[in-house]
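Engineer: sequence unknown, structure follows:
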């Protein structure tokens, strides 16, 4: 038996995470672009570790990696996550779940029950403007417009980048699931928690009950009329900055009332700007650009908020003499994860069941008829930033719980 095969699970997890960090270290943080050589190098590290311990690794036709014991040809659950990251992000978002998938698959192989590890490409949206590319490609659900979208750092299209890593764009957009997906009976995904609740509650890990849906206006604007800051009286102003400020205050008050009534809701304005070339302390702006991101695990709450945003824009626009142009609206429905799997994970991780405010590959599988389940692991300082801080002991605790739940279902 070689030295790698004798390595403890914790040592393996630590070595893989250190390897991902080394491969993807950036000026600040860690960068693993979707469908890049860096993403491939990290994927190869996982494949090498699996092969050294007796697993068979292969790539599907759209570039994702699957690892299984020899002879596992039929239907089986999978466990894993994505290997890419946001630009200059943290090292554990996605990668922790990749490690968990490999460890669980190794345990299942030793114990004689079927499980595949899955390493997905391209989950993060900043690279091509849309998330879950690897998962959706495996279902044949990538659109022609997405294939023609350029990556933010290269200017080359998704189709070109897929071809670079021997992934077939035609199959990614062909409308038919790949054989690997058709043979997948469930997807379990471990992920760092991207919020503060586990840290606040002093818990190492927990089950996830649902993934919030969202309504998102990414390119909204409020258009008014420019003027001199000292000469235009209030009743004659058409000030888009004040109008957007009033909109945000109104939505914040609605958010507070909704939570008091028991709704699950978060509201965010991640972008708010006046064009630098025209901005001045002595000028009433003529246009303010902004975004709105509203998330909830409750479909009715999202519908109510969508209507509330539209009403507020109409009312404020009429009162202030401005025009809101919200632009394209993206809707994603909430997803309740598989009840039986959540119950098994909750039994292994008593305490709380959290909703996920961010999208995940397990939810994408669930949307397409493959049962999905998730474990969150405690992580300090949020995610999508270099300060992600997950403890190895917490990761192994989450892996133990996921293994227990998967084995109970085998």
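Structural biologist: Now that the structure is in, tell me what you want to look at. Remember, it's a predicted structure, so these values are computed and weren't measured experimentally. Residues are numbered from 1 along each chain as shown.

Engineer: if we look at stretch 53-67, which residues are touching it?
Structural biologist: With contact meaning CB atoms under 8 Å, 6 or more residues apart in numbering, stretch 53-67 is reached by 4-5, 35, 43, 46-47, 50-51, 68-70, 72, 78, 102, 105-106, 109, 116-121, 134, 137-138, 162, 165-168, 171-172, 178, 180. From N, CA and C alone the C-beta is placed, and that goes for glycine too.

Engineer: Please state the offset of that stretch from the chain centre?
Structural biologist: 22 Å (CA atoms, centre = their mean, to the nearest Å).

Engineer: Straight-line length of that stretch, end to end?
Structural biologist: 11 Å (CA to CA, to the nearest Å).

Engineer: same deal with stretch 158-170?
Structural biologist: Stretch 158-170 has its terminal residues 12 Å apart, counting by CA to CA.

Engineer: so how far is it from its chain's centroid?
Structural biologist: 22 Å.

Engineer: Could you tell me which residues within that stretch count as buried?
Structural biologist: Residues 158-162, 165, 167-169 are the ones in stretch 158-170 that count as buried (16 or more other CB atoms under 10 Å).

Engineer: swap in stretch 257-264?
Structural biologist: So for stretch 257-264, counting by 16+ other CB under 10 Å, buried means 258, 263-264.

Engineer: What ranges does this protein have for its helices?
Structural biologist: Taking DSSP state H, the helices of the chain run over residues 9-24, 37-52, 95-111, 133-138, 144-147, 158-164, 169-172, 179-182, 197-201, 240-260, 299-320, 339-348, 361-367, 392-409.

Engineer: and among those helices, the most buried is which?
Structural biologist: Per residue and on average, the most neighbours among these fall to helix 133-138, with a mean of 30 (mean count of other CB atoms under 10 Å).

Engineer: which strands and helices sit next to that helix?
Structural biologist: Counting by 3 or more CB pairs under 8 Å, 6 or more residues apart in numbering; DSSP states H and E, the packing neighbours recorded for helix 133-138 are strand 116-120, helix 169-172, helix 361-367.

Engineer: quick check: mean pLDDT across the longest one?
Structural biologist: The reference is to helix 361-367. Helix 361-367 shows a mean pLDDT of 96 in the predicted model.

Engineer: Minimum distance to residue 204: which of the helices and strands packed on helix 133-138 has it?
Structural biologist: Closest to residue 204 of those is helix 361-367 (CB to CB; 19.8 Å).

Engineer: Any idea how far the closest one is from the middle of the chain?
Structural biologist: Mean-position distance between helix 361-367 and its chain equals 11 Å (CA atoms, centre = their mean).

Engineer: contacting residues around that helix?
Structural biologist: 81-82, 120, 123, 132, 134-136, 184, 187-189, 211, 333, 335, 337-338, 356, 371-374.

Engineer: cutoff 6 Å now
Structural biologist: For helix 361-367, contacts defined as CB atoms under 6 Å, 6 or more residues apart in numbering pick out 82, 120, 123, 132, 135, 187, 189, 211, 335, 372, 374.

Engineer: Most neighbours among those, which one is it?
Structural biologist: Neighbour counts for the contacts of helix 361-367, by other CB atoms under 10 Å, peak at residue 120, which reaches 33 neighbours.

Engineer: Give me the nearest residue to it, chain neighbours excluded.
Structural biologist: residue 134 (3.9 Å; CB to CB, 6 or more residues apart in numbering).

Engineer: contacting residues for that neighbour?
Structural biologist: So residue 134 contacts 64, 120-122 (CB under 6 Å, 6+ apart).

Engineer: what do you get for residue 405?
Structural biologist: Here residue 405 is in contact with 344-345, 348 (criterion: CB under 6 Å, 6+ apart).

Engineer: How about residue 248?
Structural biologist: Applying CB under 6 Å, 6+ apart to residue 248 gives the contacts residue 269.

Engineer: State the number of residues packed around residue 129.
Structural biologist: There are 14 residues near residue 129, going by other CB under 10 Å.

Engineer: Can you tell me which helices and strands the helix-or-strand element of the chain with minimal mean pLDDT packs against?
Structural biologist: Least confident helix or strand of the chain, by mean pLDDT, DSSP states H and E, is strand 329-332 with a mean of 88. Secondary-structure packing of strand 329-332 (3 or more CB pairs under 6 Å, 6 or more residues apart in numbering; DSSP states H and E): strand 213-223.
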